[in-house]
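# the following comprises the amino acid sequence and a computationally predicted model.
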Amino acid sequence: MQAEERRMKITGHLKVSEFASLEELSDRLGVSVSTVRRDVTALESGGKIRRTHGGARWKANRTDEYAFTVRNSQSIKEKEAIALTCSELVQPGWSVILDAGSTVYHVARHLQEKAPQIITNSLPVANLFSSAPEAEVVVSGGVIYPRLGVLVGPLAVEAFSKAHANIAIMSASGLTTEGVFNSHSLLIDMQKAMIRSSDRVVFCLDHTKFDRRSLFFLTEVSNLDTVVTDWLAPESLISDLRCMGIEVLRAPEPT
């Protein structure tokens, strides 16, 4: 593969995922990391790609659709109801993995009194517990991706690969009977490590995520233990999930 073709593929991938590690690009292109590093350096001079520690980021024409501040302002009533229901699954003193989803942030707000051990790559969650002496918080390493409010990259994946938790509370962009989907490739490896490191895997998904496929496949439904959703979630998919052995908890509508 010639340099021009490689760089077009790198550019195309970063337009979609917005961030990728050098190792990921190397695997996708079938070339060495050093070759990818030279390509990224060359592309950086064009102004649309910025090198980061261990990777590259797309920096042109970005949308705010997936920004944490935007996501956290949507479906507030549903997210808070889901958070209350999910928080009841956590026992005092448990170790809890929390990802960077906005619904998961709402769950975190109800965990402080349970004095948990929190393991997270979410900057908002880390900030939430920064002045909470009851909780012990471990923050993964990685590259700060401020728009998503998350730490990403190989260091973050490694942190969760070496962890163990009683429960992982996670989020995603879509759920069907085929599996769970997410919109950002940079989150997939990290979430897979979270799943492997937890005794119980819980996904908090409001009704808008049901029967929806996003760009990247995360995991089969069989790897989930529990789905917590709201009162508007479609009964048909809930029934299908329960038939597949998945516990589905539907948060009641606040009165």
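Good, I have the coordinates.

# run through the helices of the stretch 101-250 of the chain in chain order.
For the stretch 101-250 of the chain, the helices defined by DSSP state H, counting those that start in this stretch occupy 102-108, 123-128, 154-161, 185-196, 235-243.

# who wins for proximity to S173 among those helices?
Among these, the nearest to S173 by Cβ to Cβ is helix 185-196 (9.4 Å). Where C-beta positions appear, they are placed from N, C-alpha and C, glycine not excepted.

# quick check: buried residues in the closest one?
For helix 185-196, the neighbour count (16 or more other Cβ atoms under 10 Å) marks 185-195 as buried.

# try stretch 213-228
214, 216, 218-219, 221, 224-228.

# just want to check the distance between the closest residue to Q191 other than its chain neighbours and S122.
Distance criterion Cβ to Cβ, 6 or more residues apart in numbering; nearest residue to Q191, sequence neighbours excluded, is L218 at 5.8 Å. Going from L218 to S122 by Cβ to Cβ, to the nearest Å gives 17 Å.

# which stretches of the chain have low pLDDT?
Counting by pLDDT under 70, the chain contains low-confidence ranges at 16-18, 60-75.

# ok, longest helix in this protein?
The single longest helix within the chain, with elements called by DSSP state H, is helix 3-17.

# okay, that one in CSV with CA atoms only?
The C-alpha coordinates for helix 3-17 follow below in CSV (Å, rounded to 0.1, in the frame of the first residue of the first chain):
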residue,chain,number,x,y,z
ALA,A,3,1.7,6.3,1.4
GLU,A,4,-1.0,8.3,-0.3
GLU,A,5,-3.5,5.4,0.1
ARG,A,6,-2.5,4.8,3.7
ARG,A,7,-3.0,8.4,4.5
MET,A,8,-6.4,8.5,2.9
LYS,A,9,-7.5,5.5,4.9
ILE,A,10,-6.2,7.1,8.1
THR,A,11,-8.0,10.3,7.4
GLY,A,12,-11.2,8.5,6.6
HIS,A,13,-11.1,6.5,9.8
LEU,A,14,-10.4,9.5,12.0
LYS,A,15,-13.3,11.4,10.4
VAL,A,16,-15.6,8.7,11.8
SER,A,17,-13.9,7.8,15.1
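
# shift numbering so it begins at 875
Okay, residue one is now 875; in that scheme the one you just asked about reads as helix 877-891.

# can you state the direction angle for it and helix 1059-1070?
Taking axes from the mean of the first three to the mean of the last three Cα atoms, to 10 degrees, one finds that helix 877-891 is oriented at 60 degrees with respect to helix 1059-1070.

# quick one: residues in contact with the helix or strand just after helix 877-891.
Going down the chain from helix 877-891, the next helix or strand is strand 893-895, by DSSP states H and E. For strand 893-895, the surrounding residues in contact (Cβ atoms under 8 Å, 6 or more residues apart in numbering) are 884, 887-888, 926, 928-932, 1017, 1019, 1026-1028, 1058-1060.

# pairing partners for strand 893-895, with directions?
Paired strands of strand 893-895, with direction, are strand 929-932 (antiparallel) (DSSP bridges).

# off-centre distance for the partner strand?
Its chain's C-alpha centre lies 18 Å from the corresponding centre of strand 929-932 when counted by Cα atoms, centre = their mean, to the nearest Å.

# sort out for me which of the buried residues of stretch 1087-1102 are in strands.
Counting by DSSP state E, the buried residues of stretch 1087-1102 place 1090, 1092-1093, 1100-1102 in strands.

# looking at these, spot the one nearest G967.
T1100 (19.8 Å).

# circling back: list just the nearest of the buried residues of helix 1059-1070 to V981.
Nearest to V981 among the buried residues of helix 1059-1070, counting by Cβ to Cβ, is M1068 at 14.2 Å.

# quick check: the closest one touching A974?
No. The pair M1068 / A974 is not scored as a contact, 10.7 Å apart, by Cβ atoms under 8 Å.
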